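Undergrad: Predicted structure and sequence below. I'll ask about it afterward.
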Amino acid sequence: MARRESFVKRRKAMGFSQESLAEAIGVERTTVSRWETGETAPQSFHRPGLCRELKVSVSQLDSLIHCVDGGPQAVPATTVQSASSLPAHDDEMEALELVRRVAASDVGGETLSRLELVFDELARQYPSSTPQDLLVRVRKYSAYVSHLLDARKTLAEHRQLLVLGGWFSLLGATLHIDLNQEHAATARLHTAMTLAKHAGHAEIQAWCFETDAWRVLSAGDYAKAVELSKAAQALAPKGSSVEIQATAQEGRAYARLGQVNETYGAIGRVNALVSPMRFPDHPEHHYQYDPGKSVSYTATTLAWVGDPAAEEYAREVINRLAPSNDISTWPRRVASANIDLALSLVVSDRVDEACDAAQRAILSGRVVPSNRWRALEVVQAVESRKISEASDLREAYEGMQQPEIEAC
C-alpha cells in the first residue's frame with residue numbers, strides 16, 4: 001500500500017523503529033503499527049509529536065498518512081468525523097491511551113520524596129548556616145526542580161513539583177532578604193507566589209506575604225508591613241505556623257509605628273495561638289513555629305515599643321538557647337536577642353551593660369546584613385549618651401560591615 005510504504009519509509013529514514021517512535025511520541029508500539037497499516041489515523045493530539053520526530057510539516061504528515069489506494073481513508077487534523085464513522089474500537093483505545101499518559105512519568109515518587117527531605121534539611125539549617133552558604137544549595141535544587149518541570153510526569157507529580165518549587169523559591173527569597181539583595185528577593189518571592197497559586201497552595205502564598213512583610217519592615221515601610229502581615233493571616237490555614245508568624249510580624253510593625261495598643265493586641269493574639277501548640281520535633285525548621293520563637297519575637301517587639309519588660313524576655317532567650325555562652329545551635333537567634341537586650345538596657349539607662357550585650361551580638365559574626373540596622377540603632381543610642389565605650393562599639397560595628405564592603 002502506498003500509505004504503508006510512505007509512512008514506513010519516512011520513519012526508517014529518520015532512524016526510528018516502531019518501538020522507538022512510539023516511545024518518542026508517548027504511545028504504544030501497536031498504535032504506530034495501526035497507523036502504518038491504515039487501520040487507524042493519528043489523533044490530533046498525536047500529530048504535533050509526529051511532525052516533530054519525523055521532521056515534517058502538518059501538510060507533509062497528512063500526505064504521508066493519506067490513503068491513496070482505496071484502503072481506509074486517513075482523516076486530516078481539521079476534519080471532524082461523526083461517531084458512527086469512527087471504527088468501533090477508537091473510543092476505547094483513546095481512553096486507554098489517556099490513562100497510560102496520565103500514569104507515565106520520568107520523575108518518580110522516589111525523586112520527589114528525596115527533594116522534600118532536602119528542603120526540610122535546608123530549612124532546618126537556616127538558623128545556624130550563613131545565608132551565603134545556604135543559598136548555593138537552594139539555587140542548585142531550585143534549578144533541578146525547574147528541570148523536572150520539563151520532564152514527562154503525572155498530574156499529581158506536576159503539582160508536587162510546583163509546591164516544591166514554591167518552597168525552594170520562598171527559602172531563596174528569605175536568604176536574599178538576609179543578604180540585602182532586594183531585587184533578587186522580590187523576583188524569588190514572585191516566583192514562589194506564582195507556583196503556589198498554580199498549585200493551589202495557600203500556605204506558601206501566606207508565607208510569601210509574611211516574608212515580604214519582613215522585607216518592607218526592614219526597609220522602613222512599617223504601614224506596608226502591617227498590610228502584608230494581615231494579607232498573610234487571611235490566607236493562612238488556621239492555627240498554622242505562618243498564621244502565628246504573620247501575627248507576630250504585624251505586632252513588630254505596629255511597634256515601629258509607635259501604635260502601642262495595637263502592638264500589645266498582636267502580642268496577645270500570638271500568645272493565644274501559641275499556648276495550645278505542641279513543641280515541634282524540629283524547632284529549628286524555619287517554617288515550623290515553635291513556642292520559643294514567640295519569646296524572641298516578644299523581646300524584639302517590646303524593645304521597639306520601649307517596654308522595659310523586653311529585658312526579661314531577651315535574657316530568657318539567651319539563657320535557654322546559649323547556655324554557658326555556647327551559641328552553636330541558635331547563633332542568629334541569640335545574636336538578635338543580645339541586640340534586643342542592649343536596646344532594652346539603653347531604655348533603662350544601663351548603657352555600659354548595653355554596650356556589652358551589643359558587642360556580643362556584633363562580634364558573634366551572626367548578625368546578617370538585613371539585621372545590621374538594628375545593631376546600628378543600639379550604637380547610635382549609646383553614642384548619644386556620650387560614654388567612652390561608644391567608640392569601641394562603633395569600631396566593632398564598622399568592622400562587621402567591612403567584609404560586606406570589600407565583597408562589593
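TA: Sure thing, it's come through. Keep in mind it's a predicted model, so treat the numbers as computed, not measured.

Undergrad: distance between the host helix or strand of Tyr254 and the chain's centre?
TA: Taking DSSP states H and E as the criterion, Tyr254 maps to helix 241-257. Chain-centre distance of helix 241-257: 20 Å, with CA atoms, centre = their mean, to the nearest Å.

Undergrad: What ranges does the stretch 301-408 of the chain have for its strands?
TA: With DSSP state E, counting those that start in this stretch as the criterion, the stretch 301-408 of the chain has no strands.

Undergrad: In it, where is pLDDT below threshold?
TA: For the stretch 301-408 of the chain, the stretches flagged by pLDDT under 70 are 323-328, 402-408.

Undergrad: Show me which helix runs longest in this structure.
TA: Taking DSSP state H as the criterion, the chain has its longest helix at helix 155-178.

Undergrad: could I get the helix holding Tyr254 in CSV with only the CA atoms?
TA: Output in CSV follows, covering the C-alpha atoms of helix 241-257 (Å, rounded to 0.1, in the frame of the first residue of the first chain):
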residue,chain,number,x,y,z
SER,A,241,2.9,28.3,61.8
VAL,A,242,2.5,31.0,59.1
GLU,A,243,-0.6,32.4,60.8
ILE,A,244,1.3,32.8,64.1
GLN,A,245,4.4,34.2,62.4
ALA,A,246,2.4,36.8,60.4
THR,A,247,0.6,37.9,63.6
ALA,A,248,3.9,38.4,65.3
GLN,A,249,5.2,40.3,62.3
GLU,A,250,2.1,42.6,62.5
GLY,A,251,3.0,43.3,66.1
ARG,A,252,6.6,44.2,65.3
ALA,A,253,5.4,46.6,62.6
TYR,A,254,2.9,48.3,65.0
ALA,A,255,5.8,48.7,67.5
ARG,A,256,7.8,50.5,64.9
LEU,A,257,4.8,52.7,64.1
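
Undergrad: do you know how far Val347 is from Gly200?
TA: Distance, Val347 to Gly200, by CB to CB, to the nearest Å: 46 Å. Backbone N, C-alpha and C define where each C-beta goes, glycine included.

Undergrad: More neighbours: these two, which one.
TA: Legend: neighbour count by other CB atoms under 10 Å for Val347 and Gly200, higher for Val347 (18 against 11).

Undergrad: Low-confidence stretches in this structure?
TA: Ranges of the chain meeting pLDDT under 70: 1-5, 44-45, 66-104, 323-328, 402-408.

Undergrad: Quick check: chain neighbours aside, which residue is closest to Val260?
TA: The shortest distance from Val260 to any residue other than its chain neighbours is 6.0 Å, reached at Val305 (CB to CB, 6 or more residues apart in numbering).
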